[in-house]
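Peer 1: Got a predicted structure here, sequence first:
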Amino acid sequence: MDWLNAMNDAVEYLEANITEKLDIEKVAKIALSSTFHFQRMYYMLTGVTVAEYVRRRRLTLAAQDILSGEKIIDVAYRYGYETPEAFTKAFKKMHGISPSVSRKPGTNLMAYPKLSFHISIKGDKNMNYKIIEKGSFSVVGKQTRISAVDGENFKQVPKFWDDCMNDGSYEWLRSKASKLGVMGVSMDLQNFNNGFFTYLMGIEKIKDTLPKGYTSVTIPAATWAVFESAGPLPGAIGDITRRIFAEWFPATGYQHDCAPELEVFLEGDIYSSDYKCEVWIPVKK
């Protein structure tokens, strides 16, 4: 319950300081978390980054202020926009109309509500996991930039896999794979609050000369919580990842360490109801 209260305290702080510059380090401290862990948890639980939540709340409140008769330029500056033009662009993106048009009677506007966290006890599915230590190792493969806005990552990652299967990249990697098989590596997760991260389909480093378009990255030594995912892809692995953040982290003394996340795809029919693979999350006490 301390974790739950701390997350709600963090939201209350965001709301009380909604017109101020976002101080993510202070918000994370209120949430009793590291900055990285708080931002990653927040996104996985809500589907939006902290910065995106603040932006939507500001534009929701801004619309109310304009409807109450305040000058648009004053509202723009209050909510952190340096120019009326920048405010108008952001306002249109969320509400679909300009600030001036929003004053007209009967105009439809979007409202993004204040969030709060509540505990949900299910216990209907087991979460099989183990804690392991693994030294630094290298991974080679193909990588791409993935959007972390509006849950686009859950669409773009499967599409990237489809593209790699169609162009032969997956089969080449699979033929060179070691015991860990073909992996999905989510990197640069510190950029989640900026709306993106890097994703790599790869295998443990090999001695072969890499074809054009392939890259090599180093995975740092870490303590890993390794979870079993059971069911057809991509749905099953998305479900277990959400449960790790919504159920496992709040129930344990662990936090996310600032390192890549791994998806380890084992041999078998990935569309089968009993297909099993693994999700590796770097953790620390």
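Peer 2: That came through, no problem. Numbering: from 1, shown residues only.
Peer 1: Look up how far residue 282 lies from residue 255.
Peer 2: From residue 255 across to residue 282, the span is 10 Å (C-beta to C-beta, to the nearest Å). C-beta: built from backbone N, CA, C; applies to glycine.
Peer 1: higher neighbour count, those two?
Peer 2: residue 282 (22 against 19; other C-beta atoms under 10 Å).
Peer 1: residue boundaries of the helices in the stretch 151-285 of the chain?
Peer 2: Residue ranges of the helices in the stretch 151-285 of the chain, as given by DSSP state H, counting those that start in this stretch, are 153-166, 169-176, 235-243, 249-251.
Peer 1: who's in contact with the third one?
Peer 2: Contact with helix 235-243 is made by 44, 125, 127, 154, 227-231, 263, 275, 277, 279, as judged by C-beta atoms under 8 Å, 6 or more residues apart in numbering.
Peer 1: Could you verify that residue 22 is part of a strand?
Peer 2: No. Residue assignment for residue 22, taken from DSSP: H, G, I helix; E, B strand; the rest coil, gives coil, which places it outside any strand.
Peer 1: So for the longest strand along the chain, what gets flagged as buried?
Peer 2: Longest strand in the chain by number of residues (criterion: DSSP state E): strand 137-147. Buried positions in strand 137-147, judged by neighbour count with 16 or more other C-beta atoms under 10 Å: 139-143, 146.
Peer 1: do stretch 69-82 as well
Peer 2: Under the neighbour-count criterion of 16+ other C-beta under 10 Å, stretch 69-82 has 72, 75-76, 78-81 buried.
Peer 1: Same question for stretch 227-235.
Peer 2: So, applying 16+ other C-beta under 10 Å, buried residues of stretch 227-235: 227, 229-231, 233-234.
Peer 1: May I have stretch 88-106 as CSV, with CA atoms only?
Peer 2: What follows is stretch 88-106 as a C-alpha-only set of coordinates in CSV (Å, rounded to 0.1, in the frame of the first residue of the first chain):
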residue,chain,number,x,y,z
THR,A,88,-2.6,26.8,-30.9
LYS,A,89,-0.9,23.9,-32.7
ALA,A,90,-0.9,21.7,-29.5
PHE,A,91,-4.5,22.7,-28.8
LYS,A,92,-5.7,21.7,-32.3
LYS,A,93,-3.9,18.4,-32.0
MET,A,94,-5.8,17.4,-28.9
HIS,A,95,-9.2,19.1,-29.3
GLY,A,96,-9.4,19.2,-33.1
ILE,A,97,-10.2,22.9,-33.2
SER,A,98,-8.4,26.2,-32.5
PRO,A,99,-8.6,27.9,-29.1
SER,A,100,-10.7,30.7,-30.6
VAL,A,101,-13.2,28.3,-32.1
SER,A,102,-13.5,26.5,-28.8
ARG,A,103,-15.4,29.6,-27.4
LYS,A,104,-18.4,29.0,-29.6
PRO,A,105,-21.4,27.5,-27.8
GLY,A,106,-21.9,23.8,-28.3
